[in-house]
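Enquirer: Need a 3D model of the following:
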Amino acid sequence: MKRIAVLGGGNGAQALAGHLASKGFPVTLFEHPEFRRNIFRLEETKTIELTGAIEARGTLAEVTTDPAAVRDAEILYFLAPSFAQEAVFSLIAPFLGRGQRLLLMPGNFGSLVLKETFGGRLPEGFLAAESDTMPYACRIEAPGVVNVWGIKNFMAAAALPASGTGDFIASVQDAFPVPLKPAPNVLSIGLSNTNMILHCPTMIMNAGRIESGNGRFRFYAEGMTDSVCAVMEAMDRERMAVGKALGLNLLSTMDDMKELYSINGESLRETILNNGAYCGHGADSPASMKYRYLTEDVPYLLVPVFEIGKKLGIPLPVTESIIRLASVIAGEDYLVTGRTLGGLDLDGVNG
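Expert: Next up, the predicted model:
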């Protein structure tokens, strides 16, 4: 069976590593040395148990912080946060080469950054691709135990360049838990990540509730009220306008959720409430505004979308307002420090 390396030690990474290991794949779980605490217990047990929508137990071949461990992997799945991409790329780059396939989940334009890590040209015979999401809605409940709330019907993926997408999907599909569908290119993938629509305005508009210390709440079911959804829909229209200007027919956040989870709804709010993967469990809201729903989704998703729109002459006033509010909260100007895509080869995405 194909040798797999899963990069990252968080919810999605542990779920995927455990799931693939339970199916018999030899899986190495790699985490950046600075975040070894995420895998400390797994280094001893090498066992991950999945509960909920998936009931399985997988034994990993290796759990490590040594980047050389990825050298022998045929397929690499990257599920670390976007803010860790550059740091991890710099560690693993010397061990990547011909025949390997790397999938970033979510990519958030990270394949363009990886290309720059190699001086503007990926290694000969090496293929990198992106998806706009990960297979599972899940949370780590205890060391080595991941509760899977739901699994997606499919995921979209695109290689860099897009001419390699068919080859990439054919190479990894038998070692991936859900069907992969080809997307036009990695720009389409980045623009299709609806986390920026769902997470960012919900965090901003529930800031008082999150910081009050009065207990956590159901982020999707209770935090995404009619007013919050109205802001989401305004941002969604701006995102889709950027896609249209690039010749991309992007799904709305509501339609995307319906397709991924086979649910119905007459409005975004109703569709969210009908999603058992998000609303079928207890309190799950962040305990702080210093959470990846802002610290990752604003600088690595909203900022590049805003910058692309600006370049195309498309106004994104609601998106910009969320970026600026998040910047004030973080004490950091995300329009300066975020992924602006300046200097990256956007013209090379299609081949």
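Enquirer: What sits closest to residue 284 if chain neighbours are left out?
Expert: In this structure, residue 284 finds its nearest non-sequential neighbour in residue 219, 5.2 Å apart by C-beta to C-beta, 6 or more residues apart in numbering. (C-beta placed from N, C-alpha, C; glycine too.)
Enquirer: State whether residue 11 and residue 140 are indeed in contact, as I suppose.
Expert: Yes: using C-beta atoms under 8 Å, residue 11 is in contact with residue 140, at 5.4 Å.
Enquirer: For residue 59, which residues are in contact?
Expert: With contact taken as C-beta atoms under 8 Å, 6 or more residues apart in numbering, residue 59 is in contact with 21, 46-47.
Enquirer: Sorry, wrong one. I was asking about residue 139.
Expert: Contacts for residue 139 (C-beta under 8 Å, 6+ apart) come out as 11, 146-147, 149, 284.
Enquirer: just checking, it is part of a helix?
Expert: No: counting by DSSP: H, G, I helix; E, B strand; the rest coil, one finds residue 139 to be strand, located in no helix.
Enquirer: Can you classify the closest residue to residue 326 other than its chain neighbours by secondary structure?
Expert: Residue nearest to residue 326 in three dimensions, not counting chain neighbours: residue 298, with 4.4 Å by C-beta to C-beta, 6+ apart. With three-state DSSP as the basis, residue 298 sits in helix.
Enquirer: ok, residue 298 to residue 278 distance?
Expert: 20 Å (C-beta to C-beta, to the nearest Å).
Enquirer: Between the two, which is the more surrounded one?
Expert: Each of residue 298 and residue 278 has its neighbours counted (other C-beta atoms under 10 Å); residue 298 has more, 30 against 22.
Enquirer: so who does the more buried one touch?
Expert: By C-beta under 8 Å, 6+ apart, the contact list for residue 298 reads 196, 200, 322-323, 326-327, 330, 334, 338.
Enquirer: And for residue 14?
Expert: Listed by C-beta under 8 Å, 6+ apart, the contact set of residue 14 reads 29, 42, 48, 140, 144, 146.
Enquirer: List the contacts of residue 300.
Expert: By C-beta under 8 Å, 6+ apart, the contact list for residue 300 reads 82-83, 108-109, 338-339.
Enquirer: Name the nearest residue to it, ignoring sequence neighbours.
Expert: The shortest distance from residue 300 to any non-neighbouring residue, by C-beta to C-beta, 6+ apart, is to residue 82 (3.8 Å).
Enquirer: burial of the one you found, as a residue count?
Expert: The burial count for residue 82: 22, using other C-beta under 10 Å.
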